[in-house]
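**Student:** test case, fold it:
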Amino acid sequence: MKPQPSDATHVRGCRAARFALAAVVGCAMVGVVPASAGAAAGRHLGHSRHSRWIGVAVEHIPSAMSRLLGLKPHQGLFVDAVLPGSPAARAGLRPHDLLIASGGKPLIARGQLIQAANAPAPAGHRHAHCVIRYIRNGRRHNLMLIPARRPSAFSVR
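**Tutor:** Residues are numbered from 1 along each chain as shown. The predicted model follows:
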């Protein structure tokens, strides 16, 4: 009998499933993670079912690309997908945008985006918000979005 790949191995093998693997890191919650992969990864990253998210799938860019754009080495998260109806979609982010900063700090790792989405609301504000700097079609832009509670359909259990 031919050995079958595990769910996680199969997931890594196809592009659509990159969303699922990215989903485990919080902000990149656009796919369905196999229960076996999601639970372990969620516990490892310290996420609960009630984490906040912005609804994007992102990938790191090569440091050579960062240098060409005048950014710090490894700076920039490429938006692979934006979940319809998510905070990111409502704020105007689109696939192929390059996220370069959050709260004025360079974005180098997905974890920084997760931290920004789960930051407490500033004093005097009802909701926490993220100020994201991004590049679209060669031009730099800023936007503010309000992270939302992750829908239960995308929870890491």
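**Student:** from here on, just use CA atoms for contacts and neighbour counts.
**Tutor:** Noted.
**Student:** ok, residue 141 - contacts?
**Tutor:** Residues near residue 141 by CA atoms under 8 Å, 6 or more residues apart in numbering: 133, 134, 135.
**Student:** of these, which is the most crowded?
**Tutor:** residue 134 (23 neighbours; other CA atoms under 10 Å).
**Student:** got the CA positions of the helix or strand in which residue 142 is found in PDB?
**Tutor:** Residue 142 is part of strand 139-145, with elements assigned from DSSP states H and E. Taking Å, rounded to 0.1, in the frame of the first residue of the first chain, the C-alpha atoms of strand 139-145 are listed here in PDB:
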ATOM      1  CA  ARG A 139       3.100  53.900  -4.600                       C
ATOM      2  CA  ARG A 140       3.100  54.000  -0.800                       C
ATOM      3  CA  HIS A 141      -0.100  54.300   1.100                       C
ATOM      4  CA  ASN A 142      -1.400  54.200   4.700                       C
ATOM      5  CA  LEU A 143      -4.700  52.900   6.000                       C
ATOM      6  CA  MET A 144      -6.300  52.300   9.300                       C
ATOM      7  CA  LEU A 145      -8.300  49.200  10.000                       C
END
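**Student:** let's have the chain start at 648 instead
**Tutor:** Sounds good: first residue 648 from here, last item strand 786-792.
**Student:** list the neighbouring strands of that strand plus their orientation.
**Tutor:** strand 777-783 (antiparallel) (DSSP bridges).
**Student:** give the rounded mean pLDDT of the strand it pairs with.
**Tutor:** Mean per-residue pLDDT for strand 777-783: 95.
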